[in-house]
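Engineer: Here's a sequence, model it:
(one chain, ligands or ions: 1)
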Amino acid sequence: MTKRPLKPGSAIGILGSGQLGRMLAIAASSLGFRCQVFCPTTGPAFDICVGGMTAKYEDKAALAEFAKSVDVITYEFENIPVETVEYLSQFCTVYPKPNALKVSQDRLIEKNFLLDCGVDVARFYDVTSIENLNKGLYDFSGNGVLKTRRFGYDGKGQIMLLEKEPISPVEAMNELGNVPLILEELVAFEKEVSIIAIRGVNGDVFAFDIAENVHQNHILKTSTVPADIDDALNVKAKEIAHNIITRLDYVGAMGIEFFVVTKHGKQNLVVNEIAPRVHNSGHWTMDAATHSQFEQHIRAICGWPLANARRHSNVVMENLLGTDINDWQFYASQEDVHFHDYAKNDARPGRKMGHINKLSKWA
Ligand code: AMP
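Structural biologist: Numbers count the residues shown, from 1 in each chain. This is a model prediction of the structure:
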């Protein structure tokens, strides 16, 4: 395995070729690294990387060849098979380590891990039968969210079960398919916020300011920083992030999503989920902070010290979904707006095509 810190000129392997891989590769190139991408399909990261391989995550020969050609490997999304990352680890250091994937790929394992960390999560039932789903719903006064344990994203793989709604528990189970499920209590949240935390090889932890997130059709639309939350909550979110990331002996950037709930007039945080990668709600850091989440992730996995990144502006990050991207000339002409295009060809409805960071007064 290559000595750390990795020198500029070293090679970084990225699993996954989406926009997160692309922005990681841009940040890595700025620091002098050369990126190689590995993905079953081509995507926006291929434009930036100096080389790439399109092969299946199960193709051991291709994985071994890839691993031997780079000095460290990372990934841009959490549904890479754990076996792939474990196999690659025989040849090359992979950060974050596979344990973070194991936890975040299964909502039941994730919830139990978070409870072990002593943080609040929505009450939940491991749904093993219709009887136990009904028991859970009864316990949650008829309102819950039924979710697949694995492979859910952007609201896919989940159905709201509300007392007044026509969909029955059996129908919901059938619609989600014959897969392991979890029922969560419907959290009456005030708002949704998230934090991006980064842990270095030496155990140092850095956390960016908390973002307040608004979703549209279950897809992130805007992240606003600073979030409109109590100061005490800012401190608490950072403590929770420190605790989670340290317990996992994690290296790299992690996104942690929270619900803000008010109990007895006091705001509190409930962890919704963790993502072992750079996160959409951290894109604001590209233009409103001295160092971005992408640079911090690259620093971490290369054994560099984390930057003491500071936010220098207030900011609203807005995702450009589907045909929003056709208005690129408008966005590019706005004052204090930084425009980012992921160079995707097909502007399908809801597809993340780019984003803007609109800066306002200096913080
Ligand atoms: P997830 O895929 O778990 O991040 O869920 C996507 C979105 O669905 C969240 O950002 C929330 O807006 C909503 N949601 C998920 N779980 C719950 C819950 N237990 N209670 C209320 N809303 C939820």
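Engineer: low-scoring stretches of the stretch 51-200 of the chain, by residue?
Structural biologist: Within the stretch 51-200 of the chain, not a single segment meets pLDDT under 70.
Engineer: can you map out the strands along it?
Structural biologist: Applying DSSP state E, counting those that start in this stretch to the stretch 51-200 of the chain gives strands spanning 51-54, 72-75, 124-127, 144-148, 158-161, 181-185, 191-199.
Engineer: In JSON lines, list those along with mean neighbour count and distance to the ligand.
Structural biologist: In short, each C-beta sits where N, CA and C put it, glycine included. Shown next, in JSON lines, are these (neighbours: other C-beta atoms under 10 Å; distance: least, C-beta to the nearest ligand atom, whole Å):
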{"stretch": "strand 51-54", "mean neighbour count": "18", "distance to the ligand": "28"}
{"stretch": "strand 72-75", "mean neighbour count": "25", "distance to the ligand": "19"}
{"stretch": "strand 124-127", "mean neighbour count": "20", "distance to the ligand": "8"}
{"stretch": "strand 144-148", "mean neighbour count": "23", "distance to the ligand": "4"}
{"stretch": "strand 158-161", "mean neighbour count": "18", "distance to the ligand": "6"}
{"stretch": "strand 181-185", "mean neighbour count": "23", "distance to the ligand": "4"}
{"stretch": "strand 191-199", "mean neighbour count": "25", "distance to the ligand": "5"}
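Engineer: Next, format the ones you listed as CSV and append distance to S168.
Structural biologist: Formatted as CSV, those follow (distance: least, C-beta to C-beta, whole Å):
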stretch, distance to S168
strand 51-54, 43
strand 72-75, 38
strand 124-127, 14
strand 144-148, 11
strand 158-161, 9
strand 181-185, 14
strand 191-199, 28
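Engineer: and of these, who's closest to S281?
Structural biologist: strand 191-199 (4.3 Å; C-beta to C-beta).
Engineer: Get me the contact residues on the protein for the ligand.
Structural biologist: 122, 145, 152, 155, 184, 186-187, 192, 215, 218, 257, 272-273 (C-beta under 6 Å from any ligand atom).
Engineer: In helices, which of those fall?
Structural biologist: Residues of these located in helices (DSSP state H): none.
Engineer: Quick one: buried ones out of these?
Structural biologist: The neighbour-count test (16 or more other C-beta atoms under 10 Å) applied to the residues of the chain next to the ligand identifies 122, 145, 152, 184, 186-187, 192, 257, 272-273 as buried.
Engineer: Between those, which sits nearest A61?
Structural biologist: Looking across those and measuring by C-beta to C-beta, the closest to A61 is G152, at 31.5 Å.
Engineer: so that closest one makes contact with Q158?
Structural biologist: Yes: when contacts are counted by C-beta atoms under 8 Å, G152 is listed as touching Q158 (5.7 Å).
Engineer: Near I229, how many other residues are there?
Structural biologist: Using other C-beta atoms under 10 Å, I229 has 19 neighbouring residues.
Engineer: again but with N326, I slipped
Structural biologist: 11.
Engineer: Do you know the pLDDT at it?
Structural biologist: Note on N326: pLDDT of 97.
Engineer: hang on, it in a helix?
Structural biologist: Yes: the assignment for N326 (DSSP: H, G, I helix; E, B strand; the rest coil) places it in a helix.
Engineer: show me what contacts it?
Structural biologist: The neighbours of N326, taking C-beta atoms under 8 Å, 6 or more residues apart in numbering as the test, are A347.
Engineer: So that it lines up with my notes, have the first residue be 7 from now on.
Structural biologist: New numbering, starting at 7: the last item is N332.
Engineer: And it, how close does it get to the ligand?
Structural biologist: 27 Å (C-beta to the nearest ligand atom, to the nearest Å).
Engineer: Please give me every residue in contact with D77.
Structural biologist: D77 touches 8, 12, 16-18, 98-99, counting by C-beta under 8 Å, 6+ apart.
Engineer: from the residues you listed, which has minimum pLDDT?
Structural biologist: Scoring the contacts of D77 by pLDDT puts T8 last, at 69.
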